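Enquirer: Sequence plus the predicted model coming up.
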There are 4 protein chains.
Amino acid sequence: MAALFRGSRNLLQRCNKQHVDLALVCSRSMASKTPVGFIGLGNMGSPMAKNLLRHGYPVIATDVFPESCKELQDEGAQILDSPAEVADKADRIITMLPSSPNVIEVYTGPNGILKKVKKGTLLIDSSTIDPSVSKEMALAAEKMGAVFMDAPVSGGVGAASLAKLTFMVGGVEEEYTAAQELLTCMGANVVYCGQVGTGQAAKICNNMLLAIGMIGTAETMNLGIRLGLDPKLLAQILNMSSGRCWSSDSYNPVPGVMEGVPSGNNYQGGFGTTLMAKDLGLAQHTATNTKTPVPLGSLAHQIYRVMCARGYANKDFSSVFQFLREQEEEPEKKGD
Amino acid sequence: MAALFRGSRNLLQRCNKQHVDLALVCSRSMASKTPVGFIGLGNMGSPMAKNLLRHGYPVIATDVFPESCKELQDEGAQILDSPAEVADKADRIITMLPSSPNVIEVYTGPNGILKKVKKGTLLIDSSTIDPSVSKEMALAAEKMGAVFMDAPVSGGVGAASLAKLTFMVGGVEEEYTAAQELLTCMGANVVYCGQVGTGQAAKICNNMLLAIGMIGTAETMNLGIRLGLDPKLLAQILNMSSGRCWSSDSYNPVPGVMEGVPSGNNYQGGFGTTLMAKDLGLAQHTATNTKTPVPLGSLAHQIYRVMCARGYANKDFSSVFQFLREQEEEPEKKGD
Amino acid sequence: MAALFRGSRNLLQRCNKQHVDLALVCSRSMASKTPVGFIGLGNMGSPMAKNLLRHGYPVIATDVFPESCKELQDEGAQILDSPAEVADKADRIITMLPSSPNVIEVYTGPNGILKKVKKGTLLIDSSTIDPSVSKEMALAAEKMGAVFMDAPVSGGVGAASLAKLTFMVGGVEEEYTAAQELLTCMGANVVYCGQVGTGQAAKICNNMLLAIGMIGTAETMNLGIRLGLDPKLLAQILNMSSGRCWSSDSYNPVPGVMEGVPSGNNYQGGFGTTLMAKDLGLAQHTATNTKTPVPLGSLAHQIYRVMCARGYANKDFSSVFQFLREQEEEPEKKGD
Amino acid sequence: MAALFRGSRNLLQRCNKQHVDLALVCSRSMASKTPVGFIGLGNMGSPMAKNLLRHGYPVIATDVFPESCKELQDEGAQILDSPAEVADKADRIITMLPSSPNVIEVYTGPNGILKKVKKGTLLIDSSTIDPSVSKEMALAAEKMGAVFMDAPVSGGVGAASLAKLTFMVGGVEEEYTAAQELLTCMGANVVYCGQVGTGQAAKICNNMLLAIGMIGTAETMNLGIRLGLDPKLLAQILNMSSGRCWSSDSYNPVPGVMEGVPSGNNYQGGFGTTLMAKDLGLAQHTATNTKTPVPLGSLAHQIYRVMCARGYANKDFSSVFQFLREQEEEPEKKGD
C-alpha cells in the first residue's frame, strides 16, 4: 500500500516534470482491455500475442511476413500495415524483434512507431538487444512524450506458449505496474531491474554466466570421464559440492546423466547454439563498450562462434560437450 | 545383502590372487582402535590426526617439522622418526602431504613407507595430487602386498578441525568399508568414486568447475554493475535463473552481496588463490596427459596464475572480482 | 597507362551514374595547393596538418579545443568555428578524430561537414574507427554528392611529425590518386586496400595480429627465462626460427634485449596499452558483427583490458611482459 | 683461442671434480670415426642415423621395431638387442624417441643405457621432451660418470634426410664441441643454449610462439577476408607492418596466398596438428611446473587439442585457418 502510494506520487512528479499529459497516462495505466499493439509475430511473438488475446485484450498487430499476420488474424487480432499505423491505434505496444537493427527500424524508421506515437503511450520492447540501443529508443520515445521500457524474456518457444516466460524489465519505476499488467499475461515471472537498459543487462549477464557454466560443465564432465569416473556419479559429486551449477544439476550436457534435457535427445530442441552465440556477442559488445574485462565470457563467445562454423549451429547449446569430445574414429592415434 | 556377499567373494579372490594374508586383512578391517599411522602434520593433517585421537584411536605419527610433531605428541600421539618406522608399527596409515613429489618421497623414498610396510596394510593418501601418481603409488604398494587408496578432501582448515571434511575415495571397492571407518572420524561426507585415482579425479574436476564458476560470476557481476544493475538484485536474478552456480548463490565474490563469505572480509580466509592455482595446475596436467581439451579450465588456470604474480596469492580465490575491477584512480582516463 | 585510362573511364561512368558534377571533381583532383580542410588537431592531427602547410597547402582547420587551433593558426592555418564552415570553404577535407562517435558527430551532426559539403568534395577520414561506421559515412557523403575515403594510419606521434606514417586507404579506386597526393605529404607509405572500410579493416587486422604476437612473445620470453635461457640468446634463436615475429625481432618486450625500444625505457613512449585495447575492441566489434571467430584476438583484448585496470594504461603495450612476470616480493611463497 | 683455452681448462677441472677418467674423455672427444650408438630409428631417427653412416661413422643401433632395424642394417649399421648393449659398445650415443616415458625407459629401464654405460660416454638426446626429464637423465648419467646433453631438433623428416636440421643443445659447455662434431653431420645449424634442459626449453618456447603466431595469422586473415580485403593484399600489408610473423610471411595458412606451403596442398605434409599439440602440452607442463602464466600459449594448446578431436590430427598445423572458417553449407543462416 505504502509502495503503491509512493509510486503514484512519483508518477505525478514525473508527469509534471516531463510535461506529459497526465490524464492520458492515467487513463492508459488504469484501463483494462483497451487494445494492445503487438509488432513482431515470429516464433516467440506469435504465442505471446495469442496469450494477450486469451486474456481478453484486443490485439492490433503487424509483421513483415504476411503469413504470420494471417495466423494471428484467424485468432482474432486486427492486422495493420506498419508499426506507425499500430501506434496510431494503440497506446500500449509490445515489440518482439530479432535484433538491434530491427528494433531501430521499427521504432525510428520511416514507417516506425515514433512517426505516429501518441503522447503517454507505453512501449515495451521484449527483444534481446544491446542495452545502449534500448537507451537510445527510450530517449527518442521520451522526445515524443511516450515511455519506453525494455523487457527481454528468458524461456523459449515452449515457455512462450504456456505463458511461463520470465521478463526482466528496465525503465522508469512508475510505469512498471502498467507494464506488469500486460507481461503477467505472457509470463510467470516479471522482475523489475532498474533504469532503462537494465532488463537487457540482466538477461545478457545471465546468459553469459550460463554459457560459461555450460562449457565449464562440459569440459569437467569430459575430463572426469577420461579419468575413469562414471558420469552420473561425477554429476552427483559436483552437485553436492562447490562445482554445482545450473548446467550440472538441471541441464547436464552428458547424454544419459539426466532425463528430459536435450543431451538425452541428440541435442535437439532447447536453446540453439546460434542464439547463444548472438547473446554472447551482445555481452561482448557491452563489455567492450564499457571497457569491462570478461575473459571467460569472451572465450565462451569464441567457442560458440567456432561451433556455429563447425555444424553445431542448430543444436542445443549443451552440445558443446559433443564438440569437445574425441570423434569416434580417432585419427590422432596414427599421427603420434 | 547380495552386494555384501559379492563384496566378500571378491575380497577373497583378490586376496588369493595377490597372495595377501587374508587373516591379516580381515583382522585389520574388523579391528577397531588398533593404532593408526599419520604422516604429514601440516595445517590440515594436524587437526585430522587430532580427530582420530578424539575417537579413541592410538595415533603413531611423523612429520619433517619437529614442532608439528611436538604439538601432536602433547595430545597423546606417539612420534616416530620416519614414514618407514610408522609403517613398521601400524597397519593403517593416512598421509596428508602438500604435493606429488612429497607423496613419492614418503611412499617410495629411502625411509619411505614401502621400505617396511606390512602385508595387508591399508594406505590412505588424502593429499591432492596428480591421479597418475596415485596409480603409481597403488602399483608400488600392491607389489608389497599393501593396499593404497586415494582420498583427497574438500573443505579447509576449519572443516578439518570440526571433522566436517568431504572425502572423495578411489581404490578397490572391497577396502572402502575399512577406509570409511577412519575417514568418518575426520569428515562429514565420504564418497566412493571408483578405482584408484578417481578420488583425485573427482576433486580436481570439482575444483576446476568451481574456478570457472567463480571467475565467470566475478566477470558477470562486474559487467552487470557497470551496466547499472544493483549487485544484490543481479545476484538474486542469476540465482533464480540459469546463470545460478555455487559461486553466485553461496560464495558471492562481490563485497556486500552476502554475509559470512570472504568477499565481505577483504578476501581474508577462505581458499587461497595459490591453492586454487595449484589445483588448476593438476587439472591442466591431467587434461594434457589425457589429451582432453579444457579451454575454460585452462584460461581459469592462467588467470589465477597471473593473480599470484600480481599480489593476490594469499587472498581468497573470490578476489578475482577485485582483480578484474577498475582500480580507484583510473589512469586510463588520461590516455585515451 | 592502361590502368590510368581505365581509371579515367571508370571515373566518368561513376560520375555520370552518381550525378556528380564532373567538372568539379576534375578541377579538384588536378588542382594543387588549393585549400585543404583539416578537422581534429590532437596529438596526431596537429603534426599532420603542419606537414600539409609545409608542403605549401593552405589549411583551413577546426577543433573543439581552442588551444589546439591557436597553435596551428600560429603556423599559418585559417581557423573556423565548425566542420560545416570548413566544408563550406574547402573541397578536400581530412579528419583525424579519437573514435566512432566523434566521426559521426563531425560528419553528420548539426554543425557537421555534410551540412555544407560541396558536390565533389573529397573527404578523407584518418581516424581509426569501426569499418561499418566508415561505410555509413560514405553512404551519407554519397547522398550529398561527396566522396568519402577511410585512411587510418599506422605509426605514432613521432612518425606523424616526420611525415613517416603509413596510410591504409579504402574507397573508390578512381579517387585514390587524389587522396594519395595529400597523404604522401604526411606519410611515407600509402597503400590502397579496396572498397570503403578496407583501410580500417587492414589497420584493425594488423593491430590484432600485432597484439597477439606481442603477448605471445612476452609469454614465451618469460617462460624461457624461467627455464634458464638467457633472454638475448632466446631472442636470437626465435628470430632465426619459426617463432620469429615483429615483436620478437624489432620491438622485444624484455628489458635489455634490444636498444631503442620502450622495454629499455621502463615502457615509456611507444604505443599505449589503452590505445591497443581500443583497437582490439574495434577488432572484437567487427569480428562479432561478421560472426568471425577470433579466439586469440579476443583473449588478447581481454588481457589488455585487465592491464588498463591494473595500472598499465599509459605504458607501452610491450609492458605486458612486466604484467605477466612475478612481482619482486613473491607473496606466493608463503602461501603454498 | 682464449675461449678454447678456457674451455680446456674447465674441462680439466670438471674431469677431476667428477672423477671421470680424463684419458677416456679426451680420446672420445678427439677421436673421429669411432662407433656411434643410435637408439630410436623412427621417421626422424632413421634418416639421422643414415647421415652419420654417410659421414663415415660406424653406427651401432637398436629400436623396438625389427623392421626399422633391418632397414638400417642394410645400410651398414650393426644392430644390437637393447640400449644397454649399445652402451656397452659405444662411447657416443644419440637417442631419438617419441616422448618422455620412452626416454626414461631407454636410459634408466632394466635394459637401459645406464645399466652398462661406460665412464666418460657422451649421451645426446634429440627427443623433444620435458626439460625436467632431461635434467633427471643428466643427473642419473652423471652418477655413472657419463655426460648427458639434450639436443632437440627443429625441422621435419625432409630436413632430417637432407641433414638440414637445427639442433638446440643444452649441457655442460665443455662437451659442446664433441656434440657439435656429430650433430653437424645431421643438421645445418647447431646452437648452444646453456645448461642441461635449455635445448628443450628453446625448442618448446619457439614452438609455443609459432603456434600462437599461426593461429593469430589464421584468425587475422579470416577476419580481413570477411571484411572485404583480398587475402594476398592483406598478407602483403601485414608483412610490411608490425603484424608480420613467420606464419604470415613464410608459411601463410590461406590457400592461394603463397606457393610451396601446405595451405596450397590441402594442408598435406608439413608439421602435423598432433605434433604441435604434443609440443604445446610440453610447454603447458613446463609453464605449470614453473608457475609461469602463458595465457595465449595455453589457449593455443586447447585449440590444437580440439582440432585433434575434430578430424584435423593429421593435417598440417596451418589448417587452423580451415578449422576457424565457416563451413560451405552455412546451417547458421537458418537458425537466426
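Expert: Thanks, I have it. Residues are numbered from 1 along each chain as shown, chains lettered A, B, ... in the order given.

Enquirer: Spell out which parts of chain A neighbour chain C.
Expert: Taking CB under 8 Å from any CB of the partner chain as the criterion, chain A approaches chain C at residues A:277, A:281, A:284-285, A:288-289, A:291-295, A:298-299, A:301-303, A:305-306, A:308-309. For every residue, glycine as well, the C-beta is placed using N, CA and C.

Enquirer: change it to 10 Å
Expert: Contact residues (CB under 10 Å from any CB of the partner chain) of chain A with chain C: A:274, A:277-278, A:280-285, A:287-289, A:291-299, A:301-310.

Enquirer: What's the PyMOL syntax to select whichever of these are buried?
Expert: The buried subset of the residues of chain A next to chain C, as determined by 16 or more other CB atoms under 10 Å in any protein chain shown, is captured in PyMOL by this line:
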select buried, chain A and resi 274+277+278+280+281+282+283+284+285+287+288+291+292+293+294+295+296+297+298+299+301+302+303+304+305+306+307+308+309+310
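
Enquirer: Kindly identify which of the residues of chain A next to chain C also come near chain B.
Expert: Among those, the residues within reach of chain B (CB under 10 Å from any CB) are A:283, A:287, A:289, A:291-299, A:302-303.

Enquirer: contacts with chain D among those residues, please.
Expert: Filtering these for proximity to chain D (criterion: CB under 10 Å from any CB) leaves A:295, A:299, A:302-303.

Enquirer: Export those residues to TSV and append columns for secondary structure and pLDDT.
Expert: Formatted as TSV, the entries for these read as follows, by DSSP: H, G, I helix; E, B strand; the rest coil; pLDDT from 0 to 100:
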residue	secondary structure	pLDDT
A:Pro295	helix	98
A:Leu299	helix	98
A:Gln302	helix	97
A:Ile303	helix	98
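
Enquirer: Which member of the residues you listed is positioned nearest chain D?
Expert: In terms of CB to the nearest CB, no member of these lies closer to chain D than A:Leu299, at 7.3 Å.

Enquirer: The helix ranked longest in chain A and chain D, any residue contact?
Expert: The longest helix of chain A (DSSP state H) is helix A:198-226. Yes - when contact is scored as CB under 10 Å from any CB, part of helix A:198-226 falls within range of chain D: A:219, A:222.

Enquirer: avg pLDDT for the helix or strand just after that helix?
Expert: Elements were assigned by DSSP states H and E; along the chain past helix A:198-226, the next helix or strand is helix A:231-239. For helix A:231-239, the mean pLDDT works out to 97.

Enquirer: Now stretch A:156-164 - C-alpha only, PDB.
Expert: Backbone C-alpha positions of stretch A:156-164 (Å, rounded to 0.1, in the frame of the first residue of the first chain) are rendered in PDB as follows:
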ATOM      1  CA  GLY A 156      11.900 -20.400 -25.200                       C
ATOM      2  CA  VAL A 157       9.000 -21.100 -27.600                       C
ATOM      3  CA  GLY A 158       7.500 -23.600 -25.100                       C
ATOM      4  CA  ALA A 159       7.500 -21.200 -22.300                       C
ATOM      5  CA  ALA A 160       6.100 -18.500 -24.600                       C
ATOM      6  CA  SER A 161       3.100 -20.800 -25.500                       C
ATOM      7  CA  LEU A 162       2.500 -21.700 -21.900                       C
ATOM      8  CA  ALA A 163       2.800 -18.100 -20.600                       C
ATOM      9  CA  LYS A 164       5.800 -19.300 -18.500                       C
END
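
Enquirer: my read: A:Gly264 touches A:Val254, true?
Expert: Yes - A:Gly264 is in contact with A:Val254 according to CB atoms under 10 Å; the separation is 9.5 Å.

Enquirer: neighbour count winner among those two?
Expert: Taking neighbours as other CB atoms under 10 Å in any protein chain shown, A:Gly264 and A:Val254 compare with A:Val254 leading, 24 against 15.

Enquirer: And the residue of the stretch 151-300 of chain A that's closest to chain D?
Expert: Closest point on the stretch 151-300 of chain A to chain D, by CB to the nearest CB, is A:Thr274, at 3.9 Å.

Enquirer: Point me to the helix or strand that includes that residue.
Expert: Here A:Thr274 is covered by helix A:273-289, with elements defined by DSSP H and E.

Enquirer: Repeat that for A:Ala300.
Expert: With elements taken from DSSP H and E, the one containing A:Ala300 is helix A:295-309.

Enquirer: Against which helices or strands is the helix or strand following that helix packed?
Expert: Under the assignment DSSP H and E, the closest C-terminal helix or strand after helix A:295-309 is helix A:320-324. When contacts are defined as 3 or more CB pairs under 10 Å, 6 or more residues apart in numbering or on different chains; DSSP states H and E, helix A:320-324 packs onto helix A:198-226, helix A:273-289, helix A:295-309, helix D:295-309.

Enquirer: again, only this time at 8 Å
Expert: helix A:198-226, helix A:295-309, helix D:295-309 (3 or more CB pairs under 8 Å, 6 or more residues apart in numbering or on different chains; DSSP states H and E).

Enquirer: so how far is it off the chain centroid?
Expert: On the basis of CA atoms, centre = their mean, to the nearest Å, helix A:320-324 sits 25 Å off its chain's mean C-alpha point.

Enquirer: contacting residues around that helix?
Expert: A:214-215, A:217-219, A:221-222, A:253-254, A:263, A:267, A:273, A:303-304, A:307, A:310, A:312, A:315, B:292-293, D:306, D:309-310 (CB atoms under 8 Å, 6 or more residues apart in numbering or on different chains).

Enquirer: Near chain D, which residues of the stretch 151-300 of chain A are found?
Expert: Of all the residues in the stretch 151-300 of chain A, those lying near chain D are A:272-275, A:278, A:299, going by CB under 8 Å from any CB.

Enquirer: Redo those residues as CSV? Include distance to A:Ile60.
Expert: Compiled in CSV, these are given as follows (distance: CB to CB, whole Å):
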residue, distance to A:Ile60
A:Gly272, 31
A:Thr273, 35
A:Thr274, 31
A:Leu275, 28
A:Lys278, 29
A:Leu299, 45
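
Enquirer: how about low-confidence regions in the stretch 201-336 of chain A?
Expert: A:327-336 (pLDDT under 70).

Enquirer: Point out the other helices and strands that the longest strand seen in chain A packs with.
Expert: For chain A, the strand with the greatest residue count under DSSP state E is strand A:187-194. In this structure, strand A:187-194 packs against strand A:165-170, helix A:176-183, helix A:198-226, helix B:231-239, with contacts taken as 3+ CB pairs under 8 Å, 6+ apart.

Enquirer: Provide the angle between the direction of the third one and the direction of helix B:273-289.
Expert: Relative orientation of helix A:198-226 with respect to helix B:273-289: 60 degrees, computed using axes from the mean of the first three to the mean of the last three CA atoms, to 10 degrees.

Enquirer: Based on its surroundings, how many neighbours for A:Pro110?
Expert: Using other CB under 10 Å, A:Pro110 has 8 other residues around it.

Enquirer: That one: what secondary structure?
Expert: When states are read from DSSP: H, G, I helix; E, B strand; the rest coil, the local structure at A:Pro110 comes out as coil.

Enquirer: give me every residue that touches it.
Expert: Contacts for A:Pro110 (CB under 8 Å, 6+ apart) come out as none.

Enquirer: Now with 10 Å, please.
Expert: With contact taken as CB atoms under 10 Å, 6 or more residues apart in numbering or on different chains, A:Pro110 is in contact with A:82, A:84.

Enquirer: Return the per-residue confidence for it.
Expert: 95.

Enquirer: Could you do A:Val157 as well?
Expert: According to the predicted model, the pLDDT of A:Val157 comes to 87.
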